[in-house]
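Asker: Quick check, what structure comes out for this input:
(chains A, B, C and D)
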There are 4 protein chains.
Amino acid sequence: MAEAVGREIASQGAVLACGGLGGVMEAAAKGANEAGGEVLGVLPGPDKTHANPYVTIAVPTNMGHARNVIIAHTADALIAVEGEYGTLSEAAIACKLYKPVFVLPGGPQLAGTVAVSSPQEAVTLAFESMKL
Amino acid sequence: MAEAVGREIASQGAVLACGGLGGVMEAAAKGANEAGGEVLGVLPGPDKTHANPYVTIAVPTNMGHARNVIIAHTADALIAVEGEYGTLSEAAIACKLYKPVFVLPGGPQLAGTVAVSSPQEAVTLAFESMKL
Amino acid sequence: MAEAVGREIASQGAVLACGGLGGVMEAAAKGANEAGGEVLGVLPGPDKTHANPYVTIAVPTNMGHARNVIIAHTADALIAVEGEYGTLSEAAIACKLYKPVFVLPGGPQLAGTVAVSSPQEAVTLAFESMKL
Amino acid sequence: MAEAVGREIASQGAVLACGGLGGVMEAAAKGANEAGGEVLGVLPGPDKTHANPYVTIAVPTNMGHARNVIIAHTADALIAVEGEYGTLSEAAIACKLYKPVFVLPGGPQLAGTVAVSSPQEAVTLAFESMKL
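Answerer: Predicted coordinates for the structure are as follows:
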């Protein structure tokens, strides 16, 4: 699902911003990269060596979980794929910043976010929200 | 309720760490300060002038919402009084850091936190968790 | 001089990372952008609207001067064009992180940095340092 | 010299804010603590365990060198005891924030700072600057 999100974002000509590490972040990065897109990895650690191989521009913040807040500021819209604490903190800050947050099945339950049922729907709605 | 939390923390000889601004933060700071306690205010802005008058040590981070992450690192235990996005992001990061989080009625619903029914219960359990 | 630095970096196929605002940052960004390069702007404020028009990827950190530290972590090598306090703080952190720092005439005087006399020399030495 | 700075600050009833680790930071903290003062340690790491034993309030920022910027925002005046890169970056940011910076022999050479010859002079001038 994350890979499809990345692929859709790249195919629309947008930059995927993510946390730059493994798991969901790597899957999304792979999808975007293989569709020819740019992948911004905002990393928690002090150097680039931990970025996954699909990141095209790495920003090692050395700020740990506070990099989630930087991602919330950086993104025009957020798509939450899973529901761990880090994702939840990011979604909560994004809501606080009045950014649209789209949540796929399995993502965090959070008032003020928009539930979507597929990566395609998430990306379509994200781009529509950016035109407003 | 926040004022009672601050008062209990101070009466146990501990430092209250909070966001240092108004509302719930100010109420907790007032409770702790008037009970003779130390109040650490970890502020989002660049200078001390926005700290509420009950803060005894102000740390103006100039890092906006990322200061929530600093508070999560600073606290030995967290007590959530209300359920806004900022509190939720802080509680989520605290859970990620394996800090105990106690949630009063009206606070954020979050798996891994401990629901409590009164400020006294919150503070008692917080101090017990710190002995472990 | 900043514009020439940006142009040289882009013509070598590298990404220019800078503070993303006006003045020297904008001149370097213009040079890189007009040579077809990617320009990463690590901004001090909370949103992208203050990025100069040559930035192709903006990261609004909302962390004020602390974004200088993020740039020092992000860059493989640093080129200092002028000698204001912000540049100096960035160069000092870069030295602390063992990153090579090249200083053009007018840049900060700082032990451990390498004085260079032209943008071309700065960029040539920067790329050589990255091969080590 | 650092210990004398800490002692003087505490004897004037002020809080010593420092980086909270060893070396110069620990010496200053020792001086302040043993004179009955409060010592704020703004730490680069994620937890309190690395604070020196003289810190009375620890703020583990988990932001590495960016915590220098937080200290510059927190202090009303800065006293530089030695001249390493970290101190220099902090002094530069403090100058940028228009905070007075007093430099003891051996500290960083930086335009806009005030050279002093003893801890007593540094602290006296620091307190005078705060009355302005």
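
Asker: and chain A, which residues reach chain B?
Answerer: A:63-66, A:68-70, A:72, A:84-86, A:88-90, A:92-93, A:95-97, A:110, A:112 (C-beta under 8 Å from any C-beta of the partner chain). To be clear about C-beta, it is placed using only N, CA and C from the backbone, and glycine gets the same treatment.

Asker: where's residue A:41, which helix or strand?
Answerer: Assessed by DSSP states H and E, residue A:41 sits inside strand A:39-43.

Asker: Mind checking which of the residues of chain A next to chain B are buried?
Answerer: A:63-66, A:68-70, A:72, A:84-86, A:88-90, A:92-93, A:95-97, A:110 (16 or more other C-beta atoms under 10 Å in any protein chain shown).

Asker: And what about residue A:127, helix, strand or coil?
Answerer: With DSSP: H, G, I helix; E, B strand; the rest coil as the basis, residue A:127 sits in helix.

Asker: what are the ranges of the helices in chain A?
Answerer: A:2-11, A:24-34, A:67-74, A:85-96, A:119-131 (DSSP state H).

Asker: do you know which of these lies nearest residue B:102?
Answerer: Residue B:102 sits nearest to helix A:85-96 of all the helices of chain A, at 16.4 Å, using C-beta to C-beta.

Asker: quick one on the thing from earlier: right, is the strand holding residue A:41 up against chain C?
Answerer: Yes - if you take C-beta under 8 Å from any C-beta as the test, strand A:39-43 does meet chain C, through A:40, A:42.

Asker: does chain D sit close to that strand?
Answerer: No - figure legend: strand A:39-43 not in contact with chain D (C-beta under 8 Å from any C-beta); closest approach 12.6 Å.

Asker: helices or strands next to that strand in the packing?
Answerer: Using 3 or more C-beta pairs under 8 Å, 6 or more residues apart in numbering or on different chains; DSSP states H and E, the elements in contact with strand A:39-43 are strand A:16-18, helix A:24-34, strand A:57-60, helix A:67-74, strand C:57-60.

Asker: swap the cut-off to 6 Å and go again
Answerer: Contacts defined by 3 or more C-beta pairs under 6 Å, 6 or more residues apart in numbering or on different chains; DSSP states H and E place strand A:39-43 against helix A:24-34, strand A:57-60, helix A:67-74.

Asker: What sits closest to the residue nearest the centre of chain A if chain neighbours are left out?
Answerer: For chain A, the residue nearest the mean C-alpha position is residue A:18 (4.3 Å; C-alpha atoms, centre = their mean). Excluding its sequence neighbours, the residue lying closest to residue A:18 (C-beta to C-beta, 6 or more residues apart in numbering or on different chains) is residue A:25, at 4.7 Å.

Asker: So that neighbour versus residue A:73, what's the distance?
Answerer: 18 Å (C-beta to C-beta, to the nearest Å).

Asker: show me which of the buried ones among the residues of chain A next to chain B neighbour chain C.
Answerer: residue A:70 (C-beta under 6 Å from any C-beta of the partner chain).

Asker: per-residue confidence averaged over stretch A:25-45?
Answerer: What stretch A:25-45 shows for mean pLDDT is 98.

Asker: Would you mark the buried spots in that stretch?
Answerer: For stretch A:25-45, burial by neighbour count (16+ other C-beta under 10 Å) applies to A:25-33, A:35, A:37-45.

Asker: Kindly check the end-to-end length of it for me.
Answerer: With C-alpha to C-alpha, to the nearest Å applied, stretch A:25-45 spans 15 Å between its terminal residues.

Asker: now stretch A:18-25
Answerer: Termini of stretch A:18-25 sit 6 Å apart (C-alpha to C-alpha).

Asker: Give me the distance between the closest residue in space to residue A:52 that isn't next to it in sequence and chain C.
Answerer: Once flanking residues are discounted, residue A:52 sits nearest to residue A:26: 4.0 Å by C-beta to C-beta, 6+ apart. Here the criterion is C-beta to the nearest C-beta, to the nearest Å. By it, residue A:26 lies 19 Å from chain C.

Asker: Could you measure from residue A:26 over to residue A:57?
Answerer: In terms of C-beta to C-beta, residue A:26 sits 15 Å off from residue A:57.

Asker: likewise residue A:2?
Answerer: 19 Å.

Asker: can you check residue A:119 too?
Answerer: In terms of C-beta to C-beta, residue A:119 sits 23 Å off from residue A:57.

Asker: And residue A:40, by the same measure?
Answerer: Counting by C-beta to C-beta, the separation of residue A:40 from residue A:57 is 5 Å.

Asker: on that earlier part again, hang on, the residue nearest to residue A:52 packs against residue A:53?
Answerer: No - using C-beta atoms under 6 Å, residue A:26 makes no contact with residue A:53, being 8.2 Å away.

Asker: low-scoring stretches of chain A, by residue?
Answerer: Within chain A, no stretch has pLDDT under 70.

Asker: Could you tell me which residues of it lie near chain D?
Answerer: Near chain D, when you scan chain A using C-beta under 6 Å from any C-beta, you find A:62, A:63, A:64.

Asker: can you list the residues of chain A near chain C?
Answerer: So far as C-beta under 6 Å from any C-beta goes, chain A lies against chain C at A:40, A:46, A:57, A:59, A:60, A:61, A:62, A:70, A:73, A:74.

Asker: ok, now which ones touch residue A:93?
Answerer: By C-beta atoms under 6 Å, 6 or more residues apart in numbering or on different chains, the residues touching residue A:93 are A:69, A:72, B:65, B:89.

Asker: right, and the third one touches residue A:71 too?
Answerer: Read it as residue B:65. No - contact criterion C-beta under 6 Å: residue B:65 and residue A:71 do not qualify, at 11.6 Å.

Asker: how about the residues of chain A next to chain C, which pair is most distant?
Answerer: Of all the pairs that these form, the one spanning the most space (C-beta to C-beta) is A:46 and A:73, at 20.3 Å.

Asker: the more surrounded of these two?
Answerer: A count of neighbours by other C-beta atoms under 10 Å in any protein chain shown puts residue A:73 above the other of residue A:46 and residue A:73, at 26 against 17.

Asker: Once you drop chain neighbours, what's closest to the more buried one?
Answerer: Excluding its sequence neighbours, the residue lying closest to residue A:73 (C-beta to C-beta, 6+ apart) is residue C:60, at 4.6 Å.

Asker: who's in contact with the one you found?
Answerer: Applying C-beta under 6 Å, 6+ apart, we find residue C:60 in contact with A:73, C:43, C:45, C:46, C:47, C:48.

Asker: again, but for residue A:48
Answerer: With C-beta under 6 Å, 6+ apart, residue A:48 has these contacts: A:58, A:60.

Asker: ok, 10 Å please
Answerer: A:20, A:41, A:55, A:57, A:58, A:59, A:60, C:73, C:74, C:76 (C-beta atoms under 10 Å, 6 or more residues apart in numbering or on different chains).

Asker: mind checking how far the nearest residue to the last one once chain neighbours are set aside is from chain B?
Answerer: Closest residue to residue C:76 apart from its sequence neighbours, by C-beta to C-beta, 6+ apart: residue C:130 at 4.8 Å. Counting by C-beta to the nearest C-beta, the gap between residue C:130 and chain B amounts to 30 Å.

Asker: Please apply the same query to residue A:119.
Answerer: For residue A:119 relative to chain B (C-beta to the nearest C-beta), the value is 24 Å.
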